[in-house]
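Visitor: Below is the sequence, then the predicted model.
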Amino acid sequence: MSDQKSTESTLRIGLVLPDVMGTYGDGGNALILRQRARMRGIDAEIVNITLDDAVPETLDVYTLGGAEDFAQRLATRHLTRYPGLQRAAEAGRPVLAICAAIQVLGHWYETSAGERVEGISMLDVTTSPQDSRSIGELVTAPTLDGLTAPLSGFENHRGGTTLGPAAKPFGRVRHGVGNGVGDGTEGAVQGSVIGTYMHGPALARNPELADYLLTRALGVDELAPLDLPEVDRLRKERLAAGRR
Ligand code: GLN
């Protein structure tokens, strides 16, 4: 873990296992959280938690990225051995889990080779391979209270995820595949954990979601708005690509 100086008022963003769950650039989500906090004058830092580190349970917000099947297996083993993320979620700390991370956080997942791997059961979901890989633009309507704008991402996964009763979908698919089990759902939400198949990184494409996580991490009702025309432009382009 990086040894950074921080004060109690510093927002601490946990980037969980970027060494094995960093394949798809989802580490960008931690950068976006830090930047959007700093732009409001809030001190923020990223804490990299690698395979060499125990997982701390008292950071303010956690993000995990996607990975290939083997890397995903190493991550699962580590998070089972050091259950700091499970404790953080039990304490209501926000967690954003992308793609392979939804699968790792579920009860079990099957790899493309058909092997079943026990997950860490933070999400009431299970994952099995679909017949073909789902790759492309993904657009959904959010289902979470507090989110109103369509969500945009890029999906790239073979796993299809089935939600159990304790998990609610994160969005309803408008374009793309999403969870891939024929029910039109995308992602999973349970307590303070949000799982989604959206790469992009998701928080670069969906600033409303970034601020949703920040408000929860900071324990505030709202944040000063940011006027970032380049982010609006990116969103417009990506949402248009999702309509083609
Ligand atoms: N290996 C997993 C799958 O193909 C996750 C891939 C990813 O994280 N993009 O379903």
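Guide: Great, that's in hand. Keep in mind that what you see is a predicted model, and the values were worked out from it rather than measured. Residues are numbered from 1 along each chain as shown.

Visitor: Would you map the strands across the protein?
Guide: For the chain, the strands defined by DSSP state E cover 11-16, 44-49, 61-64, 95-98, 108-110, 116-118, 125-142, 151-163, 171-175, 185-186, 188-190, 193-196.

Visitor: Give me the contact list for the third one.
Guide: Right, strand 61-64. 11-17, 21, 26-27, 29-30, 33, 75, 85, 88, 93-98, 101, 104-105, 213-214, 216-217 (C-beta atoms under 8 Å, 6 or more residues apart in numbering). Bear in mind the C-beta positions are built from the backbone N, C-alpha and C, glycine included.

Visitor: Write out the residues of the protein neighbouring the ligand.
Guide: When proximity is defined as C-beta under 6 Å from any ligand atom, the chain approaches the ligand at 24, 66-69, 72, 99-100, 156-159.

Visitor: if you set the cut-off to 5 Å instead, what comes out?
Guide: Residues of the chain that fall close to the ligand, judged by C-beta under 5 Å from any ligand atom: 66, 69, 99-100, 156-159.

Visitor: Verify the stated contact: Arg174 with Leu151.
Guide: No. Taking C-beta atoms under 8 Å as the definition, Arg174 is not a contact partner of Leu151, at 9.2 Å.

Visitor: Common neighbours of these two, please.
Guide: Taking C-beta under 8 Å, 6+ apart as the criterion, Arg174 and Leu151 both touch 139-141.

Visitor: Out of those residues, which end up buried?
Guide: 139-140 (16 or more other C-beta atoms under 10 Å).

Visitor: need the shared contacts of Arg174 and Leu151 in a markdown table with pLDDT, can you?
Guide: Listed next are these as a markdown table, based on pLDDT from 0 to 100:
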| residue | pLDDT |
| --- | --- |
| Val139 | 97 |
| Thr140 | 98 |
| Ala141 | 98 |
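
Visitor: quick one: which of the shared contacts of Arg174 and Leu151 is nearest to Phe170?
Guide: Thr140 (7.4 Å; C-beta to C-beta).

Visitor: what's across from that closest one in the sheet?
Guide: Note on Thr140: beta-bridge partners by DSSP bridges are Leu151, Val173.

Visitor: Contacts only, for it.
Guide: 150-151, 170-174, 176, 178, 186-187.

Visitor: one more time with 10 Å, if that's ok
Guide: 150-153, 169-176, 178, 184-187, 196-198, 206, 242 (C-beta atoms under 10 Å, 6 or more residues apart in numbering).

Visitor: Kindly report the same for Gln72.
Guide: 17, 20-21, 23, 66, 99-101, 103-104, 109, 111, 117, 119, 159.

Visitor: got it, and Arg205?
Guide: Contacts of Arg205 (C-beta under 10 Å, 6+ apart): 32, 151-154, 198-199, 231, 234-235, 237-239.

Visitor: helices and strands of the chain: which one bottoms out on pLDDT?
Guide: Ranked by mean pLDDT, DSSP states H and E, the weakest helix or strand in the chain is helix 229-241, scoring a mean of 94.

Visitor: Tell me which of Arg174 and Leu151 has more neighbours.
Guide: Per other C-beta atoms under 10 Å, whichever of Arg174 and Leu151 has more neighbours is Leu151, with 28 against 18.

Visitor: Let me have the strands of the chain in a markdown table, adding distance to Glu222 as columns.
Guide: Formatted as a markdown table, the strands of the chain follow (distance: least, C-beta to C-beta, whole Å):
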| stretch | distance to Glu222 |
| --- | --- |
| strand 11-16 | 16 |
| strand 44-49 | 17 |
| strand 61-64 | 17 |
| strand 95-98 | 19 |
| strand 108-110 | 37 |
| strand 116-118 | 40 |
| strand 125-142 | 17 |
| strand 151-163 | 20 |
| strand 171-175 | 22 |
| strand 185-186 | 26 |
| strand 188-190 | 20 |
| strand 193-196 | 19 |
